[in-house]
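Visitor: Structure, please.
(chains A and B, ligands or ions: 2)
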Amino acid sequence: MSKDTEAIERTKSISEPYKYGFVTDIEVDLAPKGLSEDVVKLISEKKSEPKWMLDWRLKAYKKWLEMTPPEWQKASFKPIDYQDAYYYAAPKSGDKPKSLDEVDPQLLEVYEKLGIPLKEQEVLAGVEGAPKVAVDAVFDSVSVATTYRAKLEEIGVIFCSISEAIQNYPELVRKYLGSVVPYTDNYYATLNSAVFTDGSFVYIPKGVSCPMELSTYFRINQENTGQFERTLIIADEDAKVSYLEGCTAPMRDEHQLHAAVVELITLDDAEIKYSTVQNWYPGDEEGVGGIYNFVTKRGACRGNNSKISWTQVETGSAITWKYPSCILQGDNSVGEFYSVAITNNAQQADTGTKMIHIGKNTSSRIISKGISAGRADQTYRGLVRMQRGANGARNYTQCDSLLIGDNCGAHTIPYIESQNPSAQVEHEATTSKISDDQMFYCRQRGLTEEESVSLIVNGFCREVLQTLPMEFAVEAQKLVGISLEGSVG
Amino acid sequence: MALLEIRNLHAKVNKKPILNGVDLTIDVGEVHAIMGPNGSGKSTLSYILSGREGYEITEGEIIYNGLDILDMAADERARQGIFLAFQYPVEIPGVAGLTFLKTAANAIRVHRGIDELDAMDFLKFVRSKASSLDISDSMLKRAVNEGFSGGEKKRMEILQMAVLEPYLAILDETDSGLDIDALKVVSDGVNNLRNDKRSILLITHYQRLLDYIIPDKVHVLANGRIVQSGDKNLALELEEYGYSKFSEVVE
Ligand SMILES: Nc1ncnc2c1ncn2[C@@H]1O[C@H](COP(=O)(O)OP(=O)(O)OP(=O)(O)O)[C@@H](O)[C@H]1O
Ligand SMILES: [Mg+2]
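Guide: Ligands and ions are numbered 1, 2, ... in the order given. As a prediction, this is how the structure comes out:
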């Protein structure tokens, strides 16, 4: 073995590939195992929900019982035993704390360790104008803290957990919840509608540009527990917000389900930028364990001249199955989807987007970068639909796949439906490999094998990564490198 | 003192013998030139010296700085100070030249126990080297070699050499494809990097380059061996008579 490969082996053995894999031993309040009408009622009761909310959940639960899991996605896994999981797990530290000082220090420590300090202070101490990020921290089934709330309230921005929103802003929640993703939408969304536990709620009032990044950090800790996130973001007329979510989970050799529903609504001239850095535990090299990330994310550009932009960096999860989509109702509205999906080892991903053009002169842009390594398999699946009234609508789609090694796969499945002859759809796709020439060029300049792969892949994804808010772009670049560790040589 | 000693090096690619017993010694601070017909194995030798995989070394050894480097990976050799300016520089889409340079420079600095440079200091450092090579900021921001003209690529290679400060620089036909002005710029760049601690191996087809960068020794590589060595006058001879006289020597 050469000195160099020795060095790589050494670093590999000391650097834990998934550094968020720790478990926190904390006392929890668990619902009884399994799924039933009683469990749905119990969740609603735990959250002291009004009757309309419980009724909605129960309708969804009934509907779900009649549904069967979808089988069209290109991902294979054993059927999930829904009776063998917990649907509610909350740290026992009492009711949701009123202020940060009241949060269980053990929980604060968890977030510190994850690199998400739950503090209200300049992110870069002493730096004038340093960006502030408000964080909603969701731990298993409950939100444990939301920072900067008071400051945001001063300008009318509501940023809180969905559970609190149901209590405090019932009119807004009733008006918009399920208006983009109805409770009947699909198997996992319907399940989510019945048993969703927590997530974030954001409302930006007319004419306000939210002065700080909003973000939610999802952490799964408890074993055998599904996490059913529900997030709702509304940007009223001429409002703007940039929102980011991050996710991690402990390393376990069982699979855990994260079935989320996210709904975005923009009214006239409003804009939402929604970024995801998804780093759920991917399972081990053999495919044991890891999160099933089955997610429904959809935004409605209801108003004219409004815009919704999705950016996702998907590096984790055993299976990712999600299509953040835009319904472009308002005239001149704009939908964007920027995606980096990395699958290594035994990971599987079937991801893409749907752009539904309804209004006149609507436009959409899809940039998807898929990277596959190991035995991983990845599919880009995208739908662009130009409806009858979508005069002058335009779409541009670009799907690039990069393969590392000979045992992985990449597939591109674009669906294009056009009912309007004046609409234009453009689609480009490429598949490439990291060439030996590129590898040697980098290594000749002193970069190790892994550094070389990371650099080349980051270059490949650049167009997407640069759409992330600055503070997160750097993290995402590192993550790209880490998720491909051990993929060459 | 010898920085590089190549002894009786035999190498094959895909079972085909390319190098058939190369012997070459370069002392610290010396500049050597290798000339030779197309396909004689010059680039192959440069790749083997810099550690590219895919070559079967059937005999011989390479001693660099007192170390047998044949088992050393390419990146380790680079960190030990071996630099190759490529005959055909490679494009890396999406990676800004400056980022690439910084990553490389810091990898090498860490290895040498020097502090890494932060973004601002690094930019200053690079600009100071780039201006004399006629390389603008906008070129540094573009993706590595992507869409660069042949001459621009060659100038970027020399910029990398200037930034990475190698002990042994192998320049594989860096003069090919350069216009007259660029040849001057590149030669000046190389001459500026010439010092008593740095050895340079120039691979070229043209005597003209050696008017600008005056070598201590000139070698002829033909059919995978050094068939003649001399001083800079050997290059003039070759210019006049070509390589025909060497074909018998090896056959
Ligand atoms: N991967 C390979 N497979 C087969 N033959 C190869 C391979 N690499 C190099 N060769 C052969 O080895 C010989 C030497 O090639 P090399 O590139 O080293 O020549 P050179 O002296 O640099 O030529 P030039 O002056 O044209 O640059 C050529 O005949 C070439 O075709
Ligand atoms: Mg050559």
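Visitor: what helix or strand is the nearest residue to A:Asp238 once chain neighbours are set aside on?
Guide: In this structure, A:Asp238 finds its nearest non-sequential neighbour in A:Asp269, 4.4 Å apart by Cβ to Cβ, 6 or more residues apart in numbering or on different chains. For glycine as for every other residue, the C-beta is placed from the backbone atoms N, C-alpha and C. For A:Asp269, there is no helix or strand it lies in under DSSP states H and E.
Visitor: A:Asp269: neighbouring residues, count only.
Guide: Other residues within reach of A:Asp269, judged by other Cβ atoms under 10 Å in any protein chain shown, total 21.
Visitor: List the contacts of it.
Guide: A:237-238, A:303-306 (Cβ atoms under 8 Å, 6 or more residues apart in numbering or on different chains).
Visitor: Tell me which two of these sit farthest apart.
Guide: Distances among the contacts of A:Asp269 were taken as Cβ to Cβ; the most separated pair is A:Asp238 and A:Asn304, at 11.1 Å.
Visitor: before we move on, the earlier item: filter the contacts of A:Asp269 down to the buried ones and express that as a PyMOL selection.
Guide: In PyMOL syntax, the buried subset of the contacts of A:Asp269 is picked out as below (16 or more other Cβ atoms under 10 Å in any protein chain shown):
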select buried, chain A and resi 237+238+303+304+305+306
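Visitor: Of the contacts of A:Asp269, which belong to helices?
Guide: Taking DSSP state H, every one of the contacts of A:Asp269 sits outside helices.
Visitor: can you redo the contacts of A:Asp269 as CSV with distance to B:Arg79 and pLDDT?
Guide: Converted to CSV, those look like this (distance: Cβ to Cβ, whole Å; pLDDT from 0 to 100):
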residue, distance to B:Arg79, pLDDT
A:Glu237, 58, 97
A:Asp238, 55, 97
A:Gly303, 56, 97
A:Asn304, 58, 98
A:Asn305, 54, 97
A:Ser306, 52, 98
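Visitor: Point out the residues in chain B that sit beside ligand 2.
Guide: Listed as neighbours of ligand 2 in chain B under the rule Cβ under 5 Å from the ion: B:42-43, B:87.
Visitor: and these, which of them are in helices?
Guide: Among those, DSSP H puts B:42-43 in helices.
Visitor: Turn the residues of chain B next to ligand 2 into JSON lines, including pLDDT.
Guide: Formatted as JSON lines, these follow (pLDDT from 0 to 100):
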{"residue": "B:Lys42", "pLDDT": "95"}
{"residue": "B:Ser43", "pLDDT": "95"}
{"residue": "B:Gln87", "pLDDT": "93"}
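Visitor: Neighbour count and distance to A:Glu285 added to the residues of chain B next to ligand 2, as JSON lines?
Guide: As requested, these are exported to JSON lines (neighbours: other Cβ atoms under 10 Å in any protein chain shown; distance: Cβ to Cβ, whole Å):
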{"residue": "B:Lys42", "neighbour count": "23", "distance to A:Glu285": "43"}
{"residue": "B:Ser43", "neighbour count": "19", "distance to A:Glu285": "38"}
{"residue": "B:Gln87", "neighbour count": "18", "distance to A:Glu285": "39"}
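Visitor: just the residues of chain B next to ligand 2 now: which is nearest ligand 2?
Guide: Distance to ligand 2 across the residues of chain B next to ligand 2 (Cβ to the ion) is lowest for B:Ser43, with 3.1 Å.
Visitor: I'd say that closest one and B:Leu84 touch.
Guide: No: using Cβ atoms under 8 Å, B:Ser43 is not in contact with B:Leu84, being 9.6 Å away.
Visitor: any shared contact partners between the two?
Guide: The contact lists of B:Ser43 and B:Leu84 share B:Asp172, where a contact means Cβ under 8 Å, 6+ apart.
Visitor: where does chain B have low pLDDT?
Guide: In the predicted model of chain B, residues B:247-251 satisfy pLDDT under 70.
Visitor: residues in it within reach of chain A, list them.
Guide: For chain B, the residues in contact with chain A (Cβ under 8 Å from any Cβ of the partner chain) are B:47, B:50-54, B:71-76, B:78-79, B:83-84, B:86, B:89-95, B:99-100, B:103-104, B:107-108, B:111, B:143-144, B:160, B:164.
Visitor: Buried ones only from these, please, as a ChimeraX command.
Guide: Buried residues among these (16+ other Cβ under 10 Å), as a ChimeraX selection:
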select /B:47,50,51,52,72,73,74,75,76,78,79,83,84,86,89,90,91,92,93,94,95,99,100,103,104,107,108,143,144,160,164
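Visitor: In contact with A:Glu463, which residues?
Guide: Applying Cβ under 8 Å, 6+ apart, the residues near A:Glu463 are A:338, A:367, A:369, B:94.
Visitor: Inside helices: which ones of the residues you listed?
Guide: Going by DSSP H, the helices hold none of the contacts of A:Glu463.
Visitor: Could you dump those into TSV with distance to A:Gly207 added?
Guide: As requested, the contacts of A:Glu463 are exported to TSV (distance: Cβ to Cβ, whole Å):
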residue	distance to A:Gly207
A:Tyr338	27
A:Ile367	30
A:Lys369	35
B:Gly94	38
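Visitor: out of the residues you listed, who's nearest A:Val133?
Guide: Among the contacts of A:Glu463, A:Tyr338 lies closest to A:Val133 (Cβ to Cβ), at 20.0 Å.
Visitor: what's the neighbour count on the closest one?
Guide: Number of residues near A:Tyr338 (other Cβ under 10 Å) recorded here: 24.
Visitor: OK, now which residue of the stretch 301-450 of chain A is nearest to ligand 2?
Guide: As assessed by Cβ to the ion, ligand 2 sits closest to A:Asp437 within the stretch 301-450 of chain A, at 14.1 Å.
Visitor: dump the residue contacts of that residue.
Guide: Neighbour list for A:Asp437: B:Val90 [criterion: Cβ under 8 Å, 6+ apart].
Visitor: my read is it is in a strand, agree?
Guide: No: assessed with DSSP: H, G, I helix; E, B strand; the rest coil, A:Asp437 is helix; it does not lie in a strand.
Visitor: In strands only, show me the residues of chain B next to chain A.
Guide: Among the residues of chain B next to chain A, the ones falling in strands (DSSP state E) are B:83-84, B:92-95, B:143-144.
Visitor: Nearest to ligand 1 among those residues?
Guide: Set against ligand 1, the nearest of these by Cβ to the nearest ligand atom is B:Leu84 (12.3 Å).
Visitor: what does the stretch 51-200 of chain A have sitting close to chain B?
Guide: Counting by Cβ under 8 Å from any Cβ, no residue of the stretch 51-200 of chain A is near chain B.
Visitor: any chance of the ones in strands among the residues of chain B next to chain A in TSV, plus distance to A:Ala318?
Guide: As requested, those are arranged in TSV below (distance: Cβ to Cβ, whole Å):
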residue	distance to A:Ala318
B:Phe83	43
B:Leu84	42
B:Ile92	31
B:Pro93	30
B:Gly94	28
B:Val95	30
B:Ala143	34
B:Val144	35
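Visitor: Please name the bridge partners of the spatially most central residue of chain B.
Guide: For chain B, the residue nearest the mean C-alpha position is B:Ile170 (1.9 Å; Cα atoms, centre = their mean). Assessed by DSSP bridges, B:Ile170 has beta-bridge partners B:Leu84, B:Leu201.
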